[in-house]
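> give me a model of this one.
(one chain, ligands or ions: 1)
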Amino acid sequence: MTDEPQIALRGVTHAYMTDDGPLPVLNNLNISVQKGTFTAVVGPSGCGKSTLTRLIAGLMFPDEGEVWLGGELVKSPRSTVGMAFQNPVLLEWRNILQNVLLPLEIVPNSLSQKQREDRAEELLALVGLEGFEDKKPSELSGGMRQRASLCRALVHRPEVLILDEPFGALDAFTREDLWQIMHDLRHQEEFTCLLITHDLRESVFLANEVVVLSGRPATTQFLLDVPFGPDRTLDDLYTPAATEMLAELRHQIQIAQGRDVEAA
Ligand SMILES: Nc1ncnc2c1ncn2[C@@H]1O[C@H](COP(=O)(O)OP(=O)(O)OP(=O)(O)O)[C@@H](O)[C@H]1O
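Numbering: from 1, shown residues only. The predicted structure is shown next:
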């Protein structure tokens, strides 16, 4: 067992070049996520959360500072990272099973076709999509498509799962179903998770730690440890402890938004 974090951002600073000059987005950002834990990142709209996910996945690189994954400096896109987004982007010309299998066709592995299909079917069963393998994406509801997208992100057993607002477009009831599915998945599969969300209740239900980012350029403004254990349920969101955490997070977001307004 090593104390090396699974995800580490060290002094990450980044700006986009725009027609109006550089747009500073991240400023000396430090985040550590220990192996097997779940971190949620919240912050004002436009503060740089999606930029952060692209840096972790190695899809772009910081102007200053370093991103480390599993003790290795990120210098290129990583196949040890799985990603899911608000829009699942499933391929309509492939059925659900074939969509979930896609990463296993791209990421080098020694699995036979039968083993690949067994793995995909195992995940589909875990998220309640058994029997929908042959359906086309358009034949599924939004929540079902997002469940399939989670399976696709996990099928190659990534060490790190990055979720960028994956439940944001779903209605409130479906979203809570997905929270429960995500919670169950994370205790049946081995991965470290970083979730970007605007939903404070979602962050408290799913995460071990919530990072509040400041307004742009984002830096770490506040860290909240969530004391709920693996046996947490949605009912825990209605306890005084949860109410207190949510009030603190809301307060911190208001401070972050204030800073953003001043900077604009
Ligand atoms: N490729 C790009 N070129 C120029 N500016 C960009 C680019 N991508 C993002 N931005 C700008 O950088 C800032 C941060 O964007 P980012 O998408 O990381 O924020 P976010 O916190 O994820 O936003 P939201 O909460 O609204 O999803 C925004 O002002 C955005 O307009």
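
> just checking, residue 58 is part of a strand?
No. Under DSSP: H, G, I helix; E, B strand; the rest coil, residue 58 sits outside any strand and is assigned coil.

> got a pLDDT number for it?
Looking at residue 58, its pLDDT is 92.

> that one is in contact with residue 80, isn't it?
No. Assessed by CB atoms under 8 Å, residue 58 is found out of contact with residue 80, at 9.8 Å. (Glycine included, C-beta is placed from N, CA and C.)

> what is in contact with those two at once?
residue 69 (CB atoms under 8 Å, 6 or more residues apart in numbering).

> for stretch 155-165, list every residue counted as buried.
155, 156, 158, 159, 160, 161, 162, 163, 164, 165 (16 or more other CB atoms under 10 Å).

> mean confidence for that stretch?
For stretch 155-165, the per-residue pLDDT averages 93.

> any idea how many residues pack against residue 98?
Using other CB atoms under 10 Å, residue 98 has 17 neighbouring residues.

> sorry, slip of the keys, the one I care about is residue 44.
23.

> again, but for the one 5 residues further on
Neighbouring residues of residue 49 were enumerated by other CB under 10 Å; the total is 22.

> wait, doesn't it sit right on residue 196?
Yes. Between residue 49 and residue 196 there is a contact under CB under 8 Å: 4.5 Å.

> so what sits against both of the two?
Joint contacts of residue 49 and residue 196 (CB under 8 Å, 6+ apart) are 41, 164.

> which residues of the chain lie near the ligand?
For the chain, the residues in contact with the ligand (CB under 6 Å from any ligand atom) are 16, 18, 23, 25, 45, 46, 47, 48, 49, 50, 51.

> of these, which belong to strands?
16, 18, 23, 25 (DSSP state E).

> can you name the residues that contact the first one?
Applying CB under 8 Å, 6+ apart, one finds that residue 16 lies in contact with 22, 23, 25, 51.

> kind regards, and thank you for your time.
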